[in-house]
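Undergrad: just a sequence and a predicted model for now, questions to come.
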Amino acid sequence: MKSVIDMKIVLAAIAILLNLISVLPSVGEGTQFSNGDIHAEARKTHWLTISGNIRHNKSCRWYHNSKGRPCRKDEGRACKKCGG
Ligand SMILES: [Zn+2]
């Protein structure tokens, strides 16, 4: 009888975890839109490589081709090869 109760607790815990997982991404999206981030994203014309904080422009081989994120033209340090 005890194992049946244990199984119910486990199932309840799984249900709670699934709820958390399904809620979290939608919260993230909502935050992004409420910040008016669409316009901010549009201004991010450059690419910032995380390691070294180096900024690349569209013509650079590292643009969208390194571990990084979109950034504005005044973020980070300019790449020596492409000028940032
Ligand atoms: Zn570059």
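TA: Everything's here; your move.
Undergrad: residue ranges for the helices of the protein, please.
TA: 2-34, 37-43 (DSSP state H).
Undergrad: ok, of the ones you listed, where does mean pLDDT dip lowest?
TA: Across the helices of the chain, helix 2-34 has the smallest mean pLDDT, namely a mean of 68.
Undergrad: so what's the residue nearest the centre of the chain up against?
TA: Nearest to the geometric centre of the chain sits residue 69, at 8.5 Å (Cα atoms, centre = their mean). Taking Cβ atoms under 8 Å, 6 or more residues apart in numbering as the contact definition, residue 69 lies against 47-48, 50. In short, each C-beta sits where N, CA and C put it, glycine included.
Undergrad: go with 6 Å
TA: residue 48 (Cβ atoms under 6 Å, 6 or more residues apart in numbering).
Undergrad: please name the bridge partners of it.
TA: Beta-bridge pairing of residue 69 under DSSP bridges involves residue 48.
Undergrad: which bits of this structure sit near the ion?
TA: If contact is defined as Cβ under 5 Å from the ion, the residues of the chain in contact with the ion are 56, 60, 62, 79, 81-82.
Undergrad: closest to residue 10 among those?
TA: Among the residues of the chain next to the ion, residue 62 lies closest to residue 10 (Cβ to Cβ), at 47.5 Å.
Undergrad: hey, what's the nearest residue in space to that closest one that is not next to it in sequence bridged with?
TA: Residue nearest to residue 62 in three dimensions, not counting chain neighbours: residue 56, with 4.8 Å by Cβ to Cβ, 6 or more residues apart in numbering. Each beta-bridge partner of residue 56 is listed here: residue 47, as defined by DSSP bridges.
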